[in-house]
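Novice: need a structure here:
(one chain, ligands or ions: 1)
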Amino acid sequence: MALVPRRVFFEEEALDYPLGKKLWDWFRQNKRVEVRVLKPRQRVSGIPGKTAPEAYRQGKRTLRVGVRKTLDFQTCKPSAHYQLPLVTGCMGQCEYCYLNTRLGKKPYLRVYVNLEEILQRAAHYIGERKPEITVFEGAAVSDPVPLEPYTGSLAAAIEFFADQPCGRFRFVTKYTEIDSLLLLEHRQHTTIRFSINADRVIESYEHGTPGLVPRLEAAAKTAAAGYPTGLMVGPVILFEGWEEEYTRMLTRVRDLFPDNQPQPATFEIISHRFTTRARAVITEVFPETTLPMDEKTRRFKYGQFGYGKYVYPTEQMEVIRHFFTSQIETLFPTAGIDYIV
Ligand code: SF4
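Specialist: Take a look at the predicted model:
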């Protein structure tokens, strides 16, 4: 089932593109969606929300359908060479989300309809690096999967990359709307990673996202469809009883990936971290948050982009590393661990 926004703003010029027209027809026939047109250079306005939490929630229910003007792709180290700009923003409301500090007080989503130009630009970047492989990340500033049933952007990208001997595509999601991708010709050039967590973290902090089991069922489907499929565990949070809960989570993974089925190829483990700015935004948008953000219990670490973040102290990181390494090696002997950070 598709997740549908409450209001959609169309840039006028987006209607000149096949995807813009398709989305126009699709949203116009849904009476519960408010549809508006933006003149050139007109800004999105009129999203309701007087308080920070309400502005945030209404922003998450708003979509802008537009034309991607700049076709200079952002770099995306270390996981990929470039971001592939298909969508920005996400309908999810995860308290710890890195997007909370990036998209303003009304964090509306954007989908870009000039797909063909975007993919041609990707071909240009691939050509520049040939014969090296160039990797593109489709979820650097978004979770594009909930929109996929009506945009088809990921499907177009997957089919494009299937034809690129030197291009690879990857994206990560917490969502499950992947059925339209299962029968595509992908030639294993696209890696799909699912972000998972212990039930307690999902229930407490990942509002508006599917539970663990549906995510794993979706992951099992993409693996069975031959996609290289990875699991990203994060943010790992050290709460009372965390070892039991994360053991239960990994056991569920084991149950949903029986030995006679394709297995998760990789695991990525990311411990919880926060910046001072993120904490300020989180406490404004989620005044009741119970996210552990006491800097006295953390180690301050300078990040690669010049700002510092609070991470778990070295001894606790060692415990996390040991726990996940031994569990994954035992339960999933064929899977690799890309990193534990
Ligand atoms: S699903 Fe991912 S991108 Fe969306 S709010 Fe949650 S953490 Fe952020």
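Novice: Show me what from the stretch 51-200 of the chain comes close to the ligand.
Specialist: Contacts of the stretch 51-200 of the chain with the ligand, taken as Cβ under 6 Å from any ligand atom, map to Cys90, Gly92, Gln93, Cys94, Cys97, Leu99, Asp143, Lys174. Backbone N, C-alpha and C define where each C-beta goes, glycine included.
Novice: Generate a PyMOL selection restricted to the buried subset of those.
Specialist: Buried residues among these (16 or more other Cβ atoms under 10 Å), as a PyMOL selection:
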select buried, resi 90+92+93+94+97+143+174
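Novice: So of the residues of the stretch 51-200 of the chain next to the ligand, which two are at opposite extremes in space?
Specialist: Leu99 and Lys174 (12.5 Å; Cβ to Cβ).
Novice: what's near enough to touch the residue lying closest to Ile237 once chain neighbours are set aside?
Specialist: Of all residues not flanking Ile237 in the chain, His272 sits nearest, at 4.8 Å (Cβ to Cβ, 6 or more residues apart in numbering). Applying Cβ atoms under 8 Å, 6 or more residues apart in numbering to His272 gives the contacts Tyr96, Gly234, Pro235, Val236, Ile237, Leu238, Leu291, Pro292, Tyr312.
Novice: Any idea how many residues pack against the residue lying closest to the fourth one once chain neighbours are set aside?
Specialist: So the one you mean is Val236. Using Cβ to Cβ, 6+ apart and skipping the chain neighbours, the partner closest in space to Val236 is Ser271 (4.8 Å). Residues near Ser271, counting by other Cβ atoms under 10 Å, number 19.
Novice: Glu295 contacts Tyr310, correct?
Specialist: Yes - the criterion here is Cβ atoms under 8 Å, and Glu295 meets it with Tyr310 at 5.0 Å.
Novice: Out of those two, name the residue with the larger neighbour count.
Specialist: Between Glu295 and Tyr310, counting by other Cβ under 10 Å, Tyr310 is the more crowded of the two (21 against 11).
Novice: Am I right that the more buried one sits in a strand?
Specialist: Yes - under DSSP: H, G, I helix; E, B strand; the rest coil, Tyr310 sits within a strand.
Novice: residues contacting the nearest residue in space to it that is not next to it in sequence?
Specialist: Among residues not flanking Tyr310 along the chain, Arg298 sits closest, at 3.8 Å (Cβ to Cβ, 6+ apart). Contacts for Arg298 (Cβ under 8 Å, 6+ apart) come out as Arg273, Tyr310, Val311, Tyr312, Pro313.
Novice: can you check Gly230 too?
Specialist: Thr191, Ile192, Arg193, Phe194, Pro264, Ala265, Thr266, Phe267, Glu268, Asp338.
Novice: pLDDT below threshold where in the protein?
Specialist: Where the chain drops to pLDDT under 70, the residues are 1, 304-306.
Novice: hey, which helix is longest across it?
Specialist: Secondary structure assigned by DSSP state H gives helix 314-331 as the longest helix of the chain.
Novice: which residues are contacting that one?
Specialist: Under the contact criterion Cβ under 8 Å, 6+ apart, helix 314-331 has outside partners 233, 236, 238, 243, 246-247, 250-251, 253-254, 267, 269, 271, 299, 311-312, 335, 337, 340.
Novice: Report the buried residues of that helix.
Specialist: Met317, Ile320, Phe323, Phe324, Gln327, Ile328.
Novice: Could you dump the residues you listed into JSON lines and include distance to Gly208?
Specialist: Output for the buried residues of helix 314-331, formatted as JSON lines (distance: Cβ to Cβ, whole Å):
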{"residue": "Met317", "distance to Gly208": "30"}
{"residue": "Ile320", "distance to Gly208": "27"}
{"residue": "Phe323", "distance to Gly208": "29"}
{"residue": "Phe324", "distance to Gly208": "27"}
{"residue": "Gln327", "distance to Gly208": "29"}
{"residue": "Ile328", "distance to Gly208": "28"}
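Novice: Show the contacting residues for the residue in the stretch 201-341 of the chain that the ligand sits nearest to.
Specialist: Nearest to the ligand in the stretch 201-341 of the chain, going by Cβ to the nearest ligand atom, is Thr209, at a distance of 5.4 Å. Under the criterion of Cβ under 8 Å, 6+ apart, the neighbours of Thr209 are Gly92, Gln93, Cys94, Lys174, Tyr175, Ile202.
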